[in-house]
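Peer 1: Here's a sequence, model it:
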Amino acid sequence: MTTRDLTAIVRLDLAETIRSRWALFCVGLYAALAAVFVFVGMRESTLLGFTGMGRVLVGLSHAMLMVLPLLALTASSQVINRAREEGALEVLFSHPIRRGAYFLGVTASRYLVLTVPLLGLFAGLSVLGATVLGGGVLWNVLARSLLVSAALLAAFLGIGLAISTFVANPARSATIALVAWILAVALLDFALIGVMLQWRLQPQGVFALALLNPVQAARMALLSAGDPELSTLGPVGFYLANRVGAGALLAFGIAWPLGAGLAAWLLAYVRFTRGDVA
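Peer 2: Numbering: from 1, shown residues only. Next comes the predicted model:
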């Protein structure tokens, strides 16, 4: 694998995402969400102790927990199998390009398309708030939001690439990706509440079950920034605040999504580089 091969694949895939206007859709969605939260978030109210632009950033970060997994799965769950179905892999590998370079290049390209606009959005909102409202840039909120969002994108990008590699049919992989998103974002919350109500689990058990989901881990990392006592989570929040701590929650909320995404990505990488996918 050479840097030249990797760069060529990144440029090729970036051109594809721009040509298909998927990158434009991603930027537009980020901007639309930001506009909504700026409109409703600048009122004289507080969210988890934040006001003004801090309230906008915190609210937007929590909304992104729902959106980012779906965007990452959409960007990645049909990359490999669609390229194989259209014959693009056969053409590419007729040239001296290694499979590993292709997989790394596609991963880097998709991750850049997802994270660079998000970085620009959060940084722009922070600078706008400091310029218009005064009070300086909220570096703590900005850094925490970006780190948690980047880790969550990495988690679901890895899962999406694994789906795309192991499932040959693009339509079927899209369905599996949608089910994965629903399980991660919606149903697991309801299932967790049902388990708590049915079996009256101890806070330790509820905490462990919740953190199996990267989205929940990211959510707790964000919640711990605004409310160190985590009173909004009831007995579980009291246990987390006194036994775990805000710093550990932040570290886990970043490390666990990254670890889950890396594990899925490695499985997909091994399958792609050693299996019969062309």
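
Peer 1: Look at A263 and tell me its secondary structure.
Peer 2: With DSSP: H, G, I helix; E, B strand; the rest coil as the basis, A263 sits in helix.

Peer 1: Contacts only, for the closest residue to it other than its chain neighbours.
Peer 2: Nearest non-adjacent residue to A263, counting by C-beta to C-beta, 6 or more residues apart in numbering: G158, 7.3 Å away. Backbone N, C-alpha and C define where each C-beta goes, glycine included. G158 is in contact with A260, G261, L262, A263, A264, W265, A268, counting by C-beta atoms under 8 Å, 6 or more residues apart in numbering.

Peer 1: Apply 7 Å and report the result again.
Peer 2: Contact analysis of G158 by C-beta atoms under 7 Å, 6 or more residues apart in numbering lists G261, L262, A264, W265.

Peer 1: distance of the second one from L60?
Peer 2: Taking C-beta to C-beta, to the nearest Å as the criterion, L262 is separated from L60 by 26 Å.

Peer 1: What of the first one?
Peer 2: Noted for G261: a distance of 22 Å to L60, by C-beta to C-beta.

Peer 1: for the third one, same thing?
Peer 2: Separation of A264 from L60 (C-beta to C-beta) stands at 26 Å.

Peer 1: Check which helix or strand the residue nearest to A263 maps to.
Peer 2: Assigned by DSSP states H and E, G158 belongs to helix 139-166.

Peer 1: do L89 as well
Peer 2: With secondary structure defined by DSSP H and E, L89 is part of helix 88-92.

Peer 1: next one: A72
Peer 2: Under the criterion of DSSP H and E, A72 resides in helix 52-76.

Peer 1: just to revisit the earlier point, pick out whichever of G261 and L60 has more residues nearby.
Peer 2: G261 (25 against 22; other C-beta atoms under 10 Å).

Peer 1: dump the residue contacts of the more buried one.
Peer 2: Neighbour list for G261: A154, A155, F156, L157, G158, I159 [criterion: C-beta under 7 Å, 6+ apart].

Peer 1: Thanks again, I'm all set now.
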